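Chemist: Everything below, folded, please.
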Amino acid sequence: MATHLILKKIFNTGIVSEPAPEADLSLRLREQELHADILKVFGQAVSIRHVDAGSCNGCELEIHALGGPHYNIEGIGVKFAASPRHVDVLLVTGPVTRNLETALKRTYDATPEPKWVVAMGDCGCGCGDIGAMFGENYATCGKISSVIPVDVEVPGCPPTPTALLQGILAAVSQSKMA
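Modeler: Here you go, the predicted model:
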């Protein structure tokens with residue numbers, strides 16, 4: 001197909017994506033509070049290791065949204081790391097499948113103290129209809145807390161990026177109390 005035909009199709013199709021969300025001043029203030037709390041507690045950025053224990057990837061889409069320009073999670077001092085040996089928080093999604101039970105336990109054990117675990121999504125928290133559907137059975141161990149200790153649960157199918165930010169804030173707030 002010639003370039004001019006592709007461009008013609010693009011112009012005729014128009015915008016098909018959803019509009020960008022409007023700036024939310026309360027979210028910006030919340031981000032500033034989170035950044036201040038992170039610096040008070042850790043004196044540096046908080047590192048997160050995401051572990052997909054068997055999710056449908058709906059939660060992962062919301063996690064990826066946090067890295068975009070609207071939420072800009074790295075701008076407030078929260079970054080993702082590949083190794084559990086260098087993180088403060090484990091962010092776990094999905095019901096824990098039997099195939100990943102040992103890997104999740106090893107990841108938890110490899111994370112240095114102090115550490116916090118955030119369970120994300122109804123499947124991981126064991127909430128709602130989906131949590132019940134993926135309860136403990138031949139293929140899954142059920143919710144995340146049945147395999148490793150969980151400090152904060154962020155329910156939703158999937159939870160919004162704002163709810164996830166609040167969950168991270170809750171984990172950081174717990175660390176201030178400890």
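
Chemist: is it true that residue 87 touches residue 108?
Modeler: No. Between residue 87 and residue 108 there is no contact under CB atoms under 8 Å: 10.9 Å. Where you see a C-beta, it was placed from the backbone N, CA and C, and this is true even at glycine.

Chemist: Comparing the two, which residue is more hemmed in?
Modeler: Higher neighbour count among residue 87 and residue 108: residue 87, with 23 against 19, using other CB atoms under 10 Å.

Chemist: What residues does the more buried one make contact with?
Modeler: 47-49, 81, 111, 115 (CB atoms under 8 Å, 6 or more residues apart in numbering).

Chemist: one more time with 10 Å, if that's ok
Modeler: Residues in contact with residue 87, defined by CB atoms under 10 Å, 6 or more residues apart in numbering, are 46-50, 79-81, 107, 110-112, 115-116.

Chemist: From those, which land in strands?
Modeler: 46-50, 79-80, 116 (DSSP state E).

Chemist: Could you check how far the closest residue to residue 30 other than its chain neighbours is from residue 82?
Modeler: Once flanking residues are discounted, residue 30 sits nearest to residue 165: 6.9 Å by CB to CB, 6 or more residues apart in numbering. Distance of residue 165 to residue 82, computed by CB to CB, to the nearest Å: 22 Å.

Chemist: what do you get for residue 157?
Modeler: 27 Å.

Chemist: thinking again about what came up before, quick one: which of residue 165 and residue 82 has more around it?
Modeler: Using other CB under 10 Å as the criterion, residue 165 and residue 82 rank with residue 165 on top: 21 against 10.

Chemist: Confirm for me that that one is in contact with residue 120.
Modeler: No. With contacts counted by CB atoms under 10 Å, residue 165 stays clear of residue 120, the gap being 11.6 Å.

Chemist: Identify the contacts common to those two.
Modeler: Common neighbours of residue 165 and residue 120 (CB under 10 Å, 6+ apart) are 154, 159.

Chemist: What strand or helix carries the residue nearest to residue 30?
Modeler: Assessed by DSSP states H and E, residue 165 sits inside helix 161-177.

Chemist: which of the ones in strands among the contacts of residue 87 has the weakest pLDDT?
Modeler: When the ones in strands among the contacts of residue 87 are sorted by pLDDT, the bottom entry is residue 46 at 82.

Chemist: What count of nearby residues applies to that one?
Modeler: Residue 46: 25 neighbours (other CB under 10 Å).

Chemist: Can you show me the strands along the chain?
Modeler: Residue ranges of the strands in the chain, as given by DSSP E, are 46-52, 78-80, 89-93, 96-97, 116-120, 140-142, 152-154.

Chemist: wait, which of these is closest to residue 25?
Modeler: The closest of the strands of the chain to residue 25 is strand 78-80. By CB to CB, the value is 20.1 Å.
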